[in-house]
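>>> give me the fold of what follows.
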Amino acid sequence: MGISWQHLLIVLLIALVIFGAKKLRNIGSDLGAAVKGFKKAMNEGDTEEQVKQLKHDEGDADFDSSESSKRSADAKTGTDRKA
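Coordinates of the predicted model:
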């Protein structure tokens, strides 16, 4: 029940008669520019969100490598490390 190629051709011919070839070219280029701008804005939003996420994740990965923190961790777990 979709649109067949014959129906689409009839609709395009009617649009050509009503608007004219020059106006249809302008409408097509404007529509293409709008879609391109929309996609660009969506991609910029994604990259900004990824940068924010990366900055947020960087703060979570601080590990203290001092010997006293290792000893306190060993004391909590009940293990004994020999260096």
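
>>> which strands and helices sit next to whatever helix or strand residue 22 lives in?
Under the criterion of DSSP states H and E, residue 22 resides in helix 21-58. In terms of contact count using 3 or more C-beta pairs under 8 Å, 6 or more residues apart in numbering; DSSP states H and E, helix 21-58 is assigned the packing partners helix 5-19. In this view, the C-beta of every residue, glycine as well, is placed from N, C-alpha and C.

>>> picking that back up, mean confidence for the helix holding residue 22?
For helix 21-58, mean pLDDT rounds to 85.

>>> okay, the angle between that helix and helix 5-19?
For helix 21-58 against helix 5-19, the angle by axes from the mean of the first three to the mean of the last three C-alpha atoms, to 10 degrees is 110 degrees.

>>> and helix 21-58, what's buried?
Buried residues in helix 21-58, defined by neighbour count with 16 or more other C-beta atoms under 10 Å: none.

>>> look at residue 3 and give its secondary structure.
Residue 3 falls in the coil class when you classify it by DSSP: H, G, I helix; E, B strand; the rest coil.

>>> the nearest residue to residue 27 once chain neighbours are set aside: neighbour count?
Once flanking residues are discounted, residue 27 sits nearest to residue 19: 7.1 Å by C-beta to C-beta, 6 or more residues apart in numbering. Other residues lying near residue 19 total 13 when counted by other C-beta atoms under 10 Å.

>>> next one: residue 19 from residue 13, what distance?
With distances defined as C-beta to C-beta, to the nearest Å, the gap from residue 19 to residue 13 amounts to 11 Å.
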